[in-house]
Every structure is written in C-alpha cells, then in structure tokens.
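>>> Curious how this folds, go ahead:
(one chain, ligands or ions: 1)
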Amino acid sequence: MGFFDFLNEKIAIDLGTSNTLITHRGKIAIDNPSIITIHQITGKILAVGKEAGMMRGKINKNIKTIYPFKDGVISNLDATDKMLKTFIKRLSSFNVSVFTSSYNMIISIPCGSTEVEMRAVQESAKRLNAKKVFLIHEPIAAAIGGGINVLEPKGNMIVDIGGGTTEIAVISLGKIISGQSVKIAGNTFNEDIIQYIREYHNLHIGESMAEKIKIQVGSAVNSLESPPEKMKVEGRDLLTGKPNQIKISYTEIEKSLDKSITHIENALLETLSEIPPEISADIYNTGIYLTGGGSLLRGLDRRLSQATELPVHLGEDPLETVVKGSDIVLKNLDRYVNVLVTKKRY
Ligand SMILES: Nc1ncnc2c1ncn2[C@@H]1O[C@H](COP(=O)(O)OP(=O)(O)OP(=O)(O)O)[C@@H](O)[C@H]1O
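Numbers count the residues shown, from 1 in each chain. The predicted structure follows:
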C-alpha cells in the first residue's frame, strides 16, 4: 500500500453495549466485546476486548472490569478512549502507530442519542485523530447493511435488538420517520435468566453463565420444532452456599424472558400505531426486518410475527449488519449523504 492510499483510509465503527466492531478496508477487522479491565490502584489497562471478556467474573479485588457503554451510549468516556485507542492500534498492519490525522470515520449511534451523547462520541473519535467523523443512526445502518434500499420513497421497518437497546425504526427516503429506542435487549434477557434461576432453583449464577444459557437453550416461544437439550448449569446454591448444578430446559427460559419480550412487542405495536397510513400499507406488504445479536434468540421472529400479524424477516449475520451498513455509507458518501446524522457545530 502506498502512502497516498493511506490518506484514503476509511473506518466504520459500531460502538455497541456488548460488542465493538470495526471495519477497515471493507472487512470486519475488529469484533470484540466492549469491555476493558484495569488495575484498581495503578489505573493501568490489563486487558481490552476479548481478553478482558475472558476475565469476566473471575477477577480479584485489584482488578476492575469496565463496560464503557450502557444502554447503547458512552457511560465512561475515559474507558471508551482507552478501548478504542487499543482497537485502532490493533488495526494497524504497520509496526508503528500509523493512524495519523488522515482517515475518515463513521460511527453508528442509537436513534435516541442526545446532543451530549453525540458530542461524547465525536470527541472520543477526534482524540483518535480522525480527519472527518460522520454519525449514522444504528437502524439506518442496519437496514443498509441488510440490503434494504433505504433511499426509496417507501416505508421499511427495522427492529435491531442489541445488548443494551432495542431500536425500532420506520425509515423512508433515508430518514427515520417514526421509532423508539427501548432499554430492553440482550442484557435484560441475561438479567431475567439470573433472576429466574435464583428464584426457581435457589442458584446464584454469574453473567457469563446467563449468556451461555441464553445462547444454548434460550427461546422466545414455548414450543420449538427442534428443541435444544436440557443444559447443565453450575452456580452457588443460595441455601447451602456450596457449588451446585441444575438442569434447565428451553421452556423455563421462555418463561423467564416472557415479560421482557412482551415489552418489546408492545413497543413495536405502539410504533406501528403511530405511522402514516401510506407507510402502514408499505409495511403490511414488506413486513419487519429483524436484526442485532438479540434477534438470534430462538423463535423470536415467530413470536414478533404473531404479535404484529406481519411477516418478520431475519437477516443474515445480524451481529454485523450495523457496521457493514456504516461501511457502505462511508464508501458511498455522495449517494448516502442524506442518511447521515446532521451535526450541530460544537
Ligand atoms: N445466539 C444468540 N441468541 C441470543 N442472543 C444472542 C445470541 N448471540 C448473541 N446474542 C446477544 O446479542 C447481544 C449483542 O448484540 P449486538 O452486538 O447486536 O449488540 P450491541 O451492538 O453490542 O448493543 P447495542 O446495540 O444495544 O449497543 C448480546 O446481548 C448477546 O447476548
């Protein structure tokens, strides 16, 4: 790669509550949990991303695990800076810290982001030496990444279930015309599972175990065509204090998640009830596009389809659609300029 190619570097970043994805030269180069661990006393970074994720729940009191984002937005600016800096360094194929002030960056943000939250993202990006920083709303990026033509005068409905938020958006002519950001998503599902197992099995389990359960035996419906086998779950018995093991089935997990999924269903129905009739007609024909890691929960598409009486399409690689869409926009700025979030000057 020549020097001048370097001047055209483009980076798309999906700063997620659970995962941070970064594309570089059109490929996903970073796909890591959004976690860092630091030493409590010295403040030194001990691990970032995957390595920090592996330490989750198994740390001593001198080590602190930090999640830089909460509910889709930056909750710890310093940790965000440190994490992003490490990821950007890892992107470099050179042996030196190459990224000078000559690359363009696009970052996806939840549609409910406030001016202050957007400024925090901008400032963090500026400290990474980006030449230009563009912002895009996550559902628009997800739609583009999922292959939907968002620029046509036709309504499309996207539901992006992430770790911290579920973003519901109706898009037409490149803009969100209706929608909402609900703070119920994958992390809430994990909390529901922890709570259920504590209540019904007197077992205290950690966050990573809850995540494993959700993936292995999680379900949004109580009857599955090919049900997963019961799963062995280990934790601390609340009555004896000793380590213990139980077996858990997908129907129990369905029960534990029911309340949260009902919330998502209601938010969807509310958004549908607020859109103009012409757009309603479009959505009646096209249905709903479901994406984000949370959409991988077994039977969720079926359940949302039953609740809305609309077809629900599950996209491919739902964990990657937002960053892929952002990358497409950055590469085709002339075509997509109208979909970008218009920033105030700070
Ligand atoms: N197979 C699976 N079944 C159920 N949930 C899953 C599965 N795989 C991943 N998830 C969940 O997807 C969520 C992460 O999704 P994603 O990476 O789209 O969110 P994010 O972008 O980090 O979050 P946000 O958009 O809220 O900031 C996590 O809660 C994770 O547990």
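>>> What are the buried residues along the longest helix along the chain?
Longest helix of the chain, by residue count under DSSP state H: helix 250-274. Within helix 250-274, the residues that count as buried by 16 or more other Cβ atoms under 10 Å are 250-254, 256-257, 260-261, 264-265, 267-268, 271-272. C-betas here are computed from N, CA, C, even on glycine.
>>> For whatever helix or strand comes next after that helix, buried residues please.
Heading C-terminal from helix 250-274, the first helix or strand you meet, by DSSP states H and E, is helix 277-286. Using 16+ other Cβ under 10 Å as the test for burial, helix 277-286 gives 279-280, 282-283, 286.
>>> Can you give me the neighbour number for the residue of the stretch 1-150 of the chain found nearest the ligand?
With Cβ to the nearest ligand atom as the measure, G16 is the residue of the stretch 1-150 of the chain nearest to the ligand, at 2.3 Å. A total of 25 residues lie near G16 under the criterion other Cβ atoms under 10 Å.
>>> In terms of pLDDT, where does it sit?
pLDDT, G16: 92.
>>> Then the one 3 residues further on?
What the model reports for N19 is a pLDDT of 95.
>>> do V116 as well
Listed pLDDT for V116 reads 87.
>>> now do N95
The model reports N95 with a pLDDT of 38.
>>> And M1, by the same measure?
45.
>>> so where's the stretch 51-200 of the chain uncertain?
Residue ranges of the stretch 51-200 of the chain with pLDDT under 70: 58-59, 93-102.
>>> Strands of that one, start to end?
Assigned by DSSP state E, counting those that start in this stretch, the strands in the stretch 51-200 of the chain fall at 63-66, 69-70, 73-74, 103-109, 132-137, 156-161, 166-172, 175-182.
>>> Show me what the fourth one is packed against.
In other words, strand 103-109. On a contact count with 3 or more Cβ pairs under 8 Å, 6 or more residues apart in numbering; DSSP states H and E, strand 103-109 meets strand 9-15, helix 115-126, strand 132-137, helix 138-145, helix 321-331.
>>> Just put the strands of the stretch 51-200 of the chain in TSV and tack on distance to N149 and mean neighbour count.
Output for those, formatted as TSV (distance: least, Cβ to Cβ, whole Å; neighbours: other Cβ atoms under 10 Å):
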stretch	distance to N149	mean neighbour count
strand 63-66	39	16
strand 69-70	30	19
strand 73-74	29	22
strand 103-109	19	24
strand 132-137	16	21
strand 156-161	8	28
strand 166-172	10	25
strand 175-182	14	19
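>>> and those strands as CSV, adding distance to E316?
Output for the strands of the stretch 51-200 of the chain, formatted as CSV (distance: least, Cβ to Cβ, whole Å):
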stretch, distance to E316
strand 63-66, 32
strand 69-70, 25
strand 73-74, 27
strand 103-109, 18
strand 132-137, 20
strand 156-161, 14
strand 166-172, 19
strand 175-182, 23
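>>> my read: K242 touches G235, true?
No: using Cβ atoms under 8 Å, K242 is not in contact with G235; the gap is 10.4 Å.
>>> which of the helices and strands packed on strand 103-109 is buried the deepest?
Greatest average neighbour count among those goes to helix 138-145 (a mean of 30), per mean count of other Cβ atoms under 10 Å.
>>> can you list the residues of the chain near the ligand?
The chain comes close to the ligand at residues 14, 16-19, 72, 162-165, 185-187, 211, 214-215, 218, 292-294, 296-297, 319, as judged by Cβ under 6 Å from any ligand atom.
>>> Among these, which lie within helices?
186-187, 211, 214-215.
>>> Nearest to the ligand among the residues you listed?
G186 (1.9 Å).
>>> I'd guessed the closest one sits against T165; true?
No: if you go by Cβ under 8 Å, G186 and T165 don't touch, sitting 9.5 Å apart.
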